[in-house]
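Chemist: Pasting a predicted model and its sequence here:
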Amino acid sequence: MKTYRKSQKYFNQAKAVMPGGVNSPVRAFKAVGGNPIFIKRAKGSKIYDVDGNSYIDYVLSWGPLILGHAHPKVVKALKSAIERGTSYGAPTLLEIELANLVIKAYPSIDKVRMVNSGTEAAMSAIRVARGFTKRDKIIKFEGCYHGHANGLLVKAGSGAMTFGVPDSPGVPKSYAQNTITLPFNDLGALKTVIEREWKSAACVIVEPVVGNIGCVLPRPGFLEALRELTKKYGIILIFDEVMTGFRVAYGGAQEYFKIKPDMTCLGKVIGGGLPVGAYGGKKEIMSMVSPEGPVYQAGTLSGNPLAMTAGIETLKILSGKGTYKKLEKLCAILEEGLVDAAKKAGVKTRFYRAGAMFCTYFTDKDIFDYNTAKTSDTAKFARFFTGMLKRGVNIAPSQFEAGFMSLAHTEKDIEKTVKAAYESLKES
């Protein structure tokens, strides 16, 4: 039987000095009950808490660690880099190398700007789109999460959906009035709004696979129609691939679905576990970015040499032969196992997956947007989460977050996961 005595003690200490005891809301376990576990170390597919418990990890720091924890090549490169200094505030060859790796993988990107987070990437890309088109409004989709900038929290996913505050207090109405929100996968609504608003619409920003309400896939033809309509009306199409970039395929969702956006936001995997983000796109659009153009955006630690180093090593490994085939094979085994476990346990679920990201919804409804995702039985999910944790499997503490596979996971890990899932489903 696992005990969490030390985690409980540290959580009480943390609550005294940090809001909710955490530095990002979903980590607090508020949606599933109980208290968060405090992690001491991690290696490969596993994390280890301060009480000595180990867990097979499908959170992977919310997606970045596609190689698994503490990959030896990344650690070695970082040890060498840190000896040379942690930050210079000046250009480095590392920035050029990572930029070239990104551009090679994403044919839609001619130039890229490194920032420090996915939030910065999305916020900056939208500013550039507005500067380029000289239009103010943006169109986003319900449940898509593009960071926590003002104007992007309108009906957002991730923690905002988990805690039932999709429109955050503290965001003035004036910030949100230029944000138009549509149901994901609703072609009719999309066409109507674009034909009505195109003269004032700077961009459409979308998660091509909505990973912040679980794992919602685009219906056949949806992304294609989005591409066609935005091109027709001169609206910038931004793919927010912070989550899907280098995860669902080496070239992200745009390679997976064969759609070429005007701009792309990246993060997570390209930092190899260190804080990073990036946005890029067509040369004529990116030429708007300061100092080449008039749209201002800057960052003290942007292009940080440690983040660049971890990102370069990660992408080099990912570009090796057979890496995505291995991820696909592992995910397919997990998918078959979890679907079978639910059936044997007599629990109605829906499983969705794109490449190495996935989600099991506790519902018998098809999931294709924000409202259908909300049909999930969150109380049943909470019991499932608790059952998995006590059996040594770490999944995201929210029904509305994606799970992730890494190259460090093994078929034995998956076998244990499926067994734990069956037992937890029987209890749920």
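Modeler: Right, received. Where do you want to start?

Chemist: what about the helix or strand containing residue 43, distance to the chain center?
Modeler: Element membership of residue 43 [criterion: DSSP states H and E] is strand 39-43. Relative to its parent chain, strand 39-43 has a centroid offset of 21 Å by Cα atoms, centre = their mean, to the nearest Å.

Chemist: Provide the strand pairings for that strand, with the direction of each partner.
Modeler: strand 46-49 (antiparallel) (DSSP bridges).

Chemist: could you give the mean pLDDT of the helix or strand following the partner strand?
Modeler: Using DSSP H and E, the helix or strand that follows strand 46-49 in sequence is strand 54-57. Averaged across strand 54-57, the pLDDT comes to 98.

Chemist: repeat for stretch 26-37
Modeler: On average, stretch 26-37 scores 92.

Chemist: Pull out the buried residues from it.
Modeler: 26-32, 34-37 (16 or more other Cβ atoms under 10 Å). Heads up, the C-betas are built off the backbone N, CA and C, glycines and all.

Chemist: Secondary structure and distance to residue 2 added to the residues you listed, as CSV?
Modeler: Output for these, formatted as CSV (DSSP: H, G, I helix; E, B strand; the rest coil; distance: Cβ to Cβ, whole Å):
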residue, secondary structure, distance to residue 2
26, helix, 21
27, helix, 19
28, helix, 19
29, coil, 15
30, coil, 20
31, coil, 20
32, coil, 16
34, coil, 12
35, coil, 13
36, coil, 14
37, coil, 9
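
Chemist: can you redo the residues you listed as TSV with distance to residue 82?
Modeler: Listed next are the buried residues of stretch 26-37 as TSV, based on distance: Cβ to Cβ, whole Å:
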residue	distance to residue 82
26	30
27	26
28	31
29	33
30	35
31	36
32	36
34	36
35	33
36	29
37	28
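
Chemist: Among these, find me the one that's closest to residue 141.
Modeler: Distance to residue 141, by Cβ to Cβ, is smallest for residue 26 among the buried residues of stretch 26-37, at 20.3 Å.

Chemist: From residue 369, how far out is that closest one?
Modeler: 21 Å (Cβ to Cβ, to the nearest Å).

Chemist: shouldn't residue 35 be in contact with residue 29?
Modeler: Yes. With contacts counted by Cβ atoms under 8 Å, residue 35 reaches residue 29, the gap being 6.0 Å.

Chemist: Name the residue closest to the centre of the chain, please.
Modeler: residue 243 (2.9 Å; Cα atoms, centre = their mean).

Chemist: List the contacts of it.
Modeler: 63, 118, 207, 209, 211-212, 267-268, 357, 402 (Cβ atoms under 8 Å, 6 or more residues apart in numbering).

Chemist: could you check the distance from it over to residue 300?
Modeler: 25 Å.

Chemist: least confident pick among the contacts of residue 243?
Modeler: Within those, lowest confidence goes to residue 212 (89).
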